[in-house]
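Participant: please work out how this folds:
(one chain, ligands or ions: 1)
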Amino acid sequence: MYTTSRLKIAVLTLAVMTAGLAAAGELPNIVILATGGTIAGAQPTEGDPGYKSGSLSIDSLIAAAPGMDKLARFTGEQIASIGSQDMNDEVWLKLARRANQLLATPEVDGIVVTHGTDTLEETAYFLNLVIRSDKPVVLVGSMRPATSTSADGPLNLYNAVAVAADPGASGLGVLVVSNDDLFAAREIQKTNTTDLQTFISPNRGQLGEAYYGKAWYFWRPTTRHTTASEFSIDGVEALPRVDIVYAHENADGMMVKAAVAAGAKGIVLAGVGDGNATKPMVDALAAAAAKGVVVVRSTRVGSGIVRRNIEVNDDALGFVASLELNPQKARVLLRLALLKTQSPAEIQRVFNEY
Ligand code: ASP
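Facilitator: Numbering: from 1, shown residues only. From the prediction side, this is the model:
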């Protein structure tokens, strides 16, 4: 015969076992944070190539991707409803803070962010530097609007949820799923205005594949990200202004001077070739650097590494070389680095590590 306390222990043991069994069979909990983009875009009439980004709610996107309930339990939250050409610091800070808040709770196993493809690479890299978690964070967009014939959004979203629900995606930093491919945030670059196969990773290659809900990982990122990042947006209300200036034949220093006059704390050169520019433009950049504006040399070429002191004497002029980062990614890293320092040497160290 059970005493009351023995009965209590037996009931408790049974409860724990039941909870354990339930936990073993439970699906991961994924939160989908929606920001808009073509994945939520609607055409005025079917077959019309024109459309408006960010027209549909996260609930409609979820409803259009049947079968996701077999991969994960998920909830959706609308962070913004914009085309990513309008992405801005306010949405970035709100998105990153919400993601960090959710990822800090044991109930959330991963995050998916729906996003336009135009600036997806910038948001992905920003999150890669300020997310404080090893849990999977996966960005996803589409090239065709949600109302299009053969819309690519639903399968992209399905694959993104599958990756976010996969423990194998932990510790890889922020990822991007597009057109069955999987990319590391630092490496991804949009290369075609309208093709479905627009994203590539020119320097290090794509990270893997996400194919009908199954992820393959080809390699692991070696640069610092997420939990190994020194950058934080805690208490940050505004990010420093950094402008990108584009080099070309016969360029003078006017755009550089305009950036300085507008209050830029940093300037990224989208240089020709290996981060080069005309003498008048380099002179204007050197004058900016002498005033304390941090100048980073990147390239408009689209791939390759901009190294120090090749044709431009970075040591003498006080410049930073962007290495593998394209201008838009270099701008993201420079803005975060400027929250901590204005020293070109220290910022070169940051570019070496991230
Ligand atoms: N302009 C759109 C956006 O970035 C393009 C897209 O999502 O593919 O929001």
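Participant: pLDDT wise, what is whichever residue of the stretch 1-150 of the chain sits closest to the ligand at?
Facilitator: Taking Cβ to the nearest ligand atom as the measure, the point where the stretch 1-150 of the chain comes nearest the ligand is G116, at 1.9 Å. Just so you know, the C-beta spots here come from the backbone N, C-alpha and C atoms, and that holds for glycine as well. For G116, the model assigns a pLDDT of 98.
Participant: which non-adjacent residue is nearest V245?
Facilitator: Nearest non-adjacent residue to V245, counting by Cβ to Cβ, 6 or more residues apart in numbering: M255, 4.5 Å away.
Participant: that neighbour: which element?
Facilitator: Using DSSP states H and E, M255 sits within helix 254-261.
Participant: my understanding was that the residue of the stretch 1-150 of the chain closest to the ligand contacts K52; is that so?
Facilitator: No - using Cβ atoms under 8 Å, G116 is not in contact with K52; the gap is 11.5 Å.
Participant: which residues are common contacts for these two?
Facilitator: Common neighbours of G116 and K52, using Cβ atoms under 8 Å, 6 or more residues apart in numbering, are G83.
Participant: mind checking how far the most centrally placed residue in the chain is from G67?
Facilitator: When Cα atoms, centre = their mean is applied to the chain, the residue found nearest the centroid is A124 (0.1 Å). To G67, A124 is 25 Å away according to Cβ to Cβ, to the nearest Å.
Participant: for A290, give me phi and psi.
Facilitator: Note on A290: backbone dihedrals following degrees, to the nearest 10 are phi -60, psi -30.
Participant: buried residues in the helix holding M255, which are they?
Facilitator: Neighbour counts over helix 254-261 (16 or more other Cβ atoms under 10 Å) mark 255-256, 259-260 as buried.
Participant: what parts of this structure come near the ligand?
Facilitator: Residues of the chain lying close to the ligand by Cβ under 6 Å from any ligand atom are 37-38, 53, 83-85, 116-118, 141, 143.
Participant: now list the buried members of those residues.
Facilitator: Taking 16+ other Cβ under 10 Å as the criterion, what is buried in the residues of the chain next to the ligand is 37-38, 53, 83-84, 116-118, 141, 143.
Participant: in what helix or strand does the closest residue to the ligand within the stretch 251-354 of the chain lie?
Facilitator: Nearest to the ligand in the stretch 251-354 of the chain, going by Cβ to the nearest ligand atom, is Q328, at a distance of 13.1 Å. Assigned by DSSP H and E, Q328 belongs to helix 327-338.
Participant: relative orientation of the helix or strand following that helix and helix 327-338 in degrees?
Facilitator: Using DSSP H and E, the helix or strand that follows helix 327-338 in sequence is helix 344-353. Helix 344-353 and helix 327-338 meet at an angle of 130 degrees, taking axes from the mean of the first three to the mean of the last three Cα atoms, to 10 degrees as the criterion.
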